[in-house]
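Visitor: Model the following, please.
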Amino acid sequence: MSGVFNALQTAVSGISAQSDAFTNLGNNIANSQTVGYKADSTAFQDFVSGNLSGTSESQADADSVAAVTVQHVDNEGTATASTDSLAMAISGAGLFNVSKPISATNASTTTNFSTQQYYTRNGEFYENKSGYLVNTSGYYLDGYTVDSSGSLGNKLTPINVSDITFKPTQTTKLTLSATVGKLPTDTTSAESYTPQSYTTAPVTTYDALSNPHKVAASWTQSSTNPLVWNVSAYDADGTGTIAPNNYQVTFDSSGDLASVVDSSTGKTVGSTISGASVAIPITANYGDNRTQTMALDLGTIGGTSGTTMATSNQTVSTSQASALTVSGTTLTMPAGTQIGTTTGSNQSYMTTPVEIGGTPVAEKWTQTSSSPATWSVQTINPYDASSSAVSSPTHSVVFNTDGSVKTFDGAAPSSPLTATATVNGTAYTVDLSGASLSTNYALDQDTTSLTTDSVTSGNYEGVSIESDGSIQAQFDNGYTQLIGKVALTTFHDENGLHAVDGQAYLATSKSGDPETGVVGENGTGTLSVGYTESSTTDLTSDLSALIVTQEAYTANTKIVTTADTLLQTTIGMKQ
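Guide: All right, here's what the predicted structure looks like:
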């Protein structure tokens, strides 16, 4: 009699197991077009609860069966072309790291995210209205972003591609177009002349981190030959250091560039052949041992463009940075030196360097406030602001609206207005009385033009993703700039992950700890951009299995009806 009940119990468990199998097959078939879906399979296991004596005769006391759902997260689906350029399919191992938003209101553009980390193979991403990369299941793509220093961070964060601004490109070349001095009326005679000096208006250069720095070039005419000038480039705002450099530039009788010689080595720079380009090297250091090499292009030998001398009857505007003068132990800024304007902001100024005992010295002015117009001033070595050869306190100067000095270090200015500095161990008095601000909107410009090859602006047009996971911002100037990288995660056992809604998973003790890195690391694959990973459902196989499951379900119901008939027959024996 117990055998009939056991058969009934076993058949009921069989119906339940086949129902679970039917559920898995139905879920697979329903998600046959779901991006990133991983089809499950069903395994069966039996249970024997009556075999307590260990003899085979008692094994039929109470057998049953149970269905076990088997995940196949590690099965890779076919890559299918997508209409979204930000879609991605992973070729190889790994899952995308994604986050789930917990709050976002129409009144605020701020999106807050759950601290729970999710993982998915659904790479059908698009940019939402807030600039986040979101997949069709509503999960936000996490990755590594580039910080303000240009370095790739190591903390996962939701990728946002809105409000991307162009970072100026690193300067590698400066080009000088200048007319310096005037040709003597008779270049064959040793007529007397007064040596001149000029400084180009500072030009903004950019380092590898897109930080701005001002560079200027000073020109000093030889006291023995009016066609020979000494030129050097220097840091014009004190934000870095430029290695000492000095070059002797010689012009021909027509005022065209003839040759350039490195004064420290006596060697010719470039060539003396007509038409050859000449550029002098500049080496700058902007902290953290970041060395930047630039080339200052002076033009072509014998050319009429680039750097030339003006003819004797040519009018030349030379409203350039003034040079300090030295008399004994007194340094003096020339009268009428306008270091900036009363209405400007973020201004800086540096005098043309003057050599004292072989050490270049200049006055560095930096605006610290626009209202009231406040500047700091310090005596420095423009090639090395940290040099111990030149030391000076930093003074604060406040100007009146008419451009005159109002206070010096918080007190009424003395007459003359003086500061102190030490150069090579000798104390100097620095006469700053000649400094003032212009009340004009802008200072007069000179005939020199110092330009760089840095691209400083660009309008953001969109974002693209490369096969190595690099997220590149695209600009209308043709440049792309890295703003982040896609991260992928692998597990010891991907099939041990816990499935949640939206083709996403959670890590479990069975899956092991996540190993996360950029694309291609930790055994991860690459990305097929513009593609999505299709469902791994095999319709042919699952439809065939559906028929088998249906037959097995029917067979189990037949056992139930047969057992019921036997029980009814047994009950009928009493009648």
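
Visitor: how distant is stretch 484-499 from the center of its chain?
Guide: Taking CA atoms, centre = their mean, to the nearest Å, the mean C-alpha location of stretch 484-499 is offset from the chain mean by 26 Å.

Visitor: ends of that stretch, how far apart?
Guide: With CA to CA, to the nearest Å as the measure, stretch 484-499 spans 28 Å from end to end.

Visitor: Would you mind listing the buried residues in stretch 324-338?
Guide: 324, 331-333, 337-338 (16 or more other CB atoms under 10 Å). In short, each C-beta sits where N, CA and C put it, glycine included.

Visitor: distance of Ala545 from Ile29?
Guide: Counting by CB to CB, to the nearest Å, the gap between Ala545 and Ile29 amounts to 10 Å.

Visitor: hmm, I was thinking of Thr325
Guide: For Thr325, the distance to Ile29 - CB to CB - is 92 Å.

Visitor: now do Phe491
Guide: According to CB to CB, Phe491 stands 27 Å off from Ile29.

Visitor: And those two? Which one has more around it.
Guide: A count of neighbours by other CB atoms under 10 Å puts Phe491 above the other of Phe491 and Ile29, at 23 against 16.

Visitor: Could you measure from that one over to Trp229?
Guide: Phe491 is 69 Å from Trp229, where distance means CB to CB.

Visitor: could you dump the buried residues of stretch 324-338 to CSV with distance to Val486?
Guide: Formatted as CSV, the buried residues of stretch 324-338 follow (distance: CB to CB, whole Å):
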residue, distance to Val486
Leu324, 55
Leu331, 58
Thr332, 61
Met333, 56
Thr337, 55
Gln338, 53
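
Visitor: Between which two of these is the distance greatest?
Guide: Farthest pair in these (CB to CB) is Leu331 and Gln338. Separation: 18.5 Å.

Visitor: For Gln367, give its distance to Gly287.
Guide: For Gln367, the distance to Gly287 - CB to CB - is 22 Å.

Visitor: How about Gly512?
Guide: Gly512 is 43 Å from Gly287, by CB to CB.

Visitor: what's the answer for Ser388, then?
Guide: 18 Å.

Visitor: which residues in the stretch 401-550 of the chain form helices?
Guide: Using DSSP state H, counting those that start in this stretch, the helices of the stretch 401-550 of the chain run over residues 539-572.

Visitor: quick one, strands of it?
Guide: 405-408, 418-423, 426-431, 435-438, 449-452, 460-465, 470-475, 480-490, 498-500, 504-506, 515-518, 526-529, 531-533 (DSSP state E, counting those that start in this stretch).

Visitor: on contacts alone, who are the packing partners of the second one?
Guide: Helices and strands touching strand 418-423, by 3 or more CB pairs under 8 Å, 6 or more residues apart in numbering; DSSP states H and E, are strand 359-370, strand 373-380, strand 390-391, strand 426-431.

Visitor: Partner strands of the longest one, with direction?
Guide: Think strand 359-370. Here strand 359-370 is paired, per DSSP bridges, with strand 348-350 (antiparallel), strand 354-356 (antiparallel), strand 373-380 (antiparallel).

Visitor: Enumerate the positions of the first one that are buried.
Guide: In this case it means strand 348-350. 348-350.

Visitor: How many residues are close by Gln474?
Guide: 17.

Visitor: Could you check how far it is from Val463?
Guide: 7 Å.

Visitor: do the same with Ser148
Guide: 19 Å.

Visitor: ok, the two, which is more surrounded?
Guide: Legend: neighbour count by other CB under 10 Å for Ser148 and Val463, higher for Val463 (21 against 9).

Visitor: got the contact list for that one?
Guide: Shown in contact with Val463 (CB atoms under 8 Å, 6 or more residues apart in numbering): 86, 127, 161, 164, 471-474, 483.

Visitor: starting at the chain centroid, how far to stretch 290-300?
Guide: On CA atoms, centre = their mean, the centre of stretch 290-300 falls 25 Å from the chain's centre.

Visitor: Then stretch 462-480?
Guide: Taking mean C-alpha positions (CA atoms, centre = their mean), stretch 462-480 and its chain are 11 Å apart.

Visitor: next one: stretch 167-177
Guide: Centre to centre, stretch against its chain (CA atoms, centre = their mean), the figure for stretch 167-177 is 19 Å.

Visitor: average pLDDT across that stretch?
Guide: Stretch 167-177 carries an average pLDDT of 91.

Visitor: in the protein, which helix or strand is least confident?
Guide: Every helix and strand of the chain was ranked by mean pLDDT, DSSP states H and E. The lowest is strand 197-199, at a mean of 74.

Visitor: List the buried residues of that one.
Guide: Residues of strand 197-199 classed as buried by neighbour count (16+ other CB under 10 Å): 197-199.

Visitor: packing partners for that strand?
Guide: Helices and strands touching strand 197-199, by 3+ CB pairs under 8 Å, 6+ apart, are strand 173-182, strand 212-221.

Visitor: just those strands: most buried one?
Guide: Mean neighbour count (mean count of other CB atoms under 10 Å) peaks for strand 212-221 among the helices and strands packed on strand 197-199, with a mean of 22.

Visitor: Report the residue ranges of every domain in the chain.
Guide: Listed domain ranges for the chain are 2-72+536-572, 84-166+459-533, 173-320+448-452, 325-438 (source: automatic domain parsing).

Visitor: ends of the longest one, how far apart?
Guide: Put plainly, it is domain 84-166+459-533. End-to-end distance for domain 84-166+459-533: 13 Å, by CA to CA.

Visitor: what does the last one give?
Guide: By CA to CA, the extent of domain 325-438 from end to end equals 22 Å.

Visitor: so for it, what's the average pLDDT?
Guide: The average pLDDT for domain 325-438 rounds to 88.

Visitor: how far out from the middle of the chain is that domain?
Guide: The answer for domain 325-438 is 37 Å, by CA atoms, centre = their mean.

Visitor: Report the contact partners of the residue nearest to Lys510 when sequence neighbours are not counted.
Guide: Closest residue to Lys510 apart from its sequence neighbours, by CB to CB, 6 or more residues apart in numbering: Gly496 at 3.2 Å. For Gly496, the contact set (CB under 8 Å, 6+ apart) comprises 71, 508-512.

Visitor: can you check Ile465 too?
Guide: 86, 88, 471-472, 486, 527, 529.

Visitor: separation between Val397 and Ser415?
Guide: Val397 is 14 Å from Ser415, where distance means CB to CB.

Visitor: follow-up on the earlier one: now the weakest link among the domains of the chain, please, by mean pLDDT.
Guide: When I compare these, domain 2-72+536-572 is least confident, with a mean of 78.

Visitor: Pick the one among the contacts of Gly496 closest to Phe96.
Guide: Set against Phe96, the nearest of the contacts of Gly496 by CB to CB is Ser511 (15.5 Å).

Visitor: neighbours around the closest one, how many?
Guide: Applying other CB under 10 Å, we find 19 residues neighbouring Ser511.
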